[in-house]
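Peer 1: need a structure here:
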Amino acid sequence: MEGTFYPQLQHSKKKKEQLELDTIVNRAILTNPIHSMPYKHFTLEQRNELAVLLRAKVKKKEIAVLLDKHRTTIWRERKRGNTNGRYYLKKAKRSAKEKRINANARFKKIKRDGVLRKYVVRRTKEYWSPEQIAGRWNREHKRKHIGKDTIYRYIYSKRKDLVKYLRCQKGKYRRRYGTRIREKHREELKKRRIDQRPEIVNVKARIGDWEGDTMYGKDRKPAILTHLERRSGLVLADKLERATAKLTKERTVNRFREVARDKKQTVTYDNGSEFWEYELVEMKTGMTIYFANPYSSWQRGANENANGLMRQFFPKKMDFAPITQPEIQKAVRLLNSRPRKRFNYLTPHEVFNGKQECCTLE
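Peer 2: Residues are numbered from 1 along each chain as shown. Prediction:
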């Protein structure tokens, strides 16, 4: 058998590399891909192809087209397997595996940390929610952060015996997208509507049935909270620095502390977000709260009329920020001491306090 000379070996090696290169190029042409180049991880086959193309000194731009990858993806992969300026397939593969393991390590935090694991189990058995567990743990362990989703995954995948301690046991935990919408819908269904009010409220047969609303100025930040007693026409008003549910609840509760118990029966509001804490108002004042139907301000016509009277002192284009509570009280006193034709020229204050019998002209 004749010996094989070194030049022949070199020629054979180059021929093999050229064959591999032609195969890669032909495959790219035949498949005719649409180069949207979405980011995807390199496969083992693609790493082999990249190694061949780099040895053949094909430009990175051309490699990107052939492998249907972005140039930066090619650069990252080349850097991952680089040693002394050469790309080594095994090193790139090992580096990618280590990166994947490190990326998944966050999902094994509880499994690896005995203290955290015992904490999660103990608190879950005390009926703490994963969110409460994570929040408290993070507060006490600044450098060992844990998320509620990780705790949910741990319970459902590793400790299914703990699922019975969760409030929601209807299946695997999922992010509750749209929860705010559903909660708002549930809150709307809980509200008592105006058509549920007793007839005595509708006919204005007693003192103690109120309507409430908010008035805004030109910047719609500060507001004036108004309450009108339906039979007497008496107005109460308070400044709101911001028309939040919390502040509205506080002002309402404080204001009605000054009103006699027998003159606090019901309140009817519109559907503004400032009245979302109505259940707490009911609890603190003892009044029953009703809501008008959406987009039906005419159902609270008495209150709308009172707001119109208040606009004489606080027009829509006025900035409400500088207004003080004493200024509001002055306007309220003027309205409540103004005689009304429908009460045979008695004032709302007189009708409300029953100082004289009134005969309405309605």
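
Peer 1: tell me the domain boundaries of this structure?
Peer 2: Here the domain parsing of the chain from automatic domain parsing is 12-105, 113-165, 190-353.

Peer 1: dump the residue contacts of the nearest residue to G272 once chain neighbours are set aside.
Peer 2: Of all residues not flanking G272 in the chain, T214 sits nearest, at 6.4 Å (C-beta to C-beta, 6 or more residues apart in numbering). No exception for glycine: its C-beta is placed from N, CA and C like everyone else's. T214 sits next to A223, I224, L225, T226, L240, A243, T248, G272, E274 when contact means C-beta atoms under 8 Å, 6 or more residues apart in numbering.

Peer 1: neighbours of the last one, just the number please.
Peer 2: Applying other C-beta atoms under 10 Å, we find 24 residues neighbouring E274.

Peer 1: give the contact list for it.
Peer 2: Applying C-beta under 8 Å, 6+ apart, the residues contacting E274 are T214, A223, L225, L240, A243, T244, A245, T248.

Peer 1: distance of the nearest residue in space to the last one that is not next to it in sequence from M283?
Peer 2: The shortest distance from T248 to any residue other than its chain neighbours is 4.3 Å, reached at E274 (C-beta to C-beta, 6+ apart). The span separating E274 from M283 equals 18 Å under the rule C-beta to C-beta, to the nearest Å.

Peer 1: I224 now?
Peer 2: In terms of C-beta to C-beta, I224 sits 25 Å off from M283.

Peer 1: quick check: phi and psi on the nearest residue to R192 once chain neighbours are set aside?
Peer 2: Spatial nearest neighbour of R192, chain neighbours left out: Y290 (4.8 Å); criterion: C-beta to C-beta, 6+ apart. Main-chain torsions, Y290, degrees, to the nearest 10: phi -120, psi 160.

Peer 1: beta-bridge partners for Y290, please?
Peer 2: T268 (DSSP bridges).

Peer 1: how many neighbours does it have?
Peer 2: Neighbour count of Y290, defined by other C-beta under 10 Å: 23.

Peer 1: what's the spacing between it and W298?
Peer 2: Taking C-beta to C-beta, one finds Y290 at 15 Å from W298.

Peer 1: mind showing which ranges of the stretch 101-250 of the chain have poor pLDDT?
Peer 2: 101-107, 169-184 (pLDDT under 70).

Peer 1: mind listing the helices for it?
Peer 2: 109-112, 114-125, 130-140, 148-157, 179-190, 199-202, 245-256 (DSSP state H, counting those that start in this stretch).

Peer 1: any chance of the ones you listed in a markdown table, with distance to Y165 and mean neighbour count too?
Peer 2: Shown next, in a markdown table, are those (distance: least, C-beta to C-beta, whole Å; neighbours: other C-beta atoms under 10 Å):
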| stretch | distance to Y165 | mean neighbour count |
| --- | --- | --- |
| helix 109-112 | 16 | 15 |
| helix 114-125 | 5 | 16 |
| helix 130-140 | 10 | 15 |
| helix 148-157 | 9 | 18 |
| helix 179-190 | 21 | 10 |
| helix 199-202 | 46 | 13 |
| helix 245-256 | 32 | 18 |
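
Peer 1: and H41, which of these is closest to it?
Peer 2: helix 148-157 (22.4 Å; C-beta to C-beta).

Peer 1: okay, angle between that closest one and helix 114-125 too, please.
Peer 2: Calculated by axes from the mean of the first three to the mean of the last three C-alpha atoms, to 10 degrees, helix 148-157 forms an angle of 80 degrees with helix 114-125.

Peer 1: helices and strands around helix 148-157, which ones?
Peer 2: Packing partners of helix 148-157 (3 or more C-beta pairs under 8 Å, 6 or more residues apart in numbering; DSSP states H and E): helix 109-112, helix 114-125, helix 130-140.

Peer 1: one more time with 6 Å
Peer 2: Using 3 or more C-beta pairs under 6 Å, 6 or more residues apart in numbering; DSSP states H and E, the elements in contact with helix 148-157 are helix 130-140.
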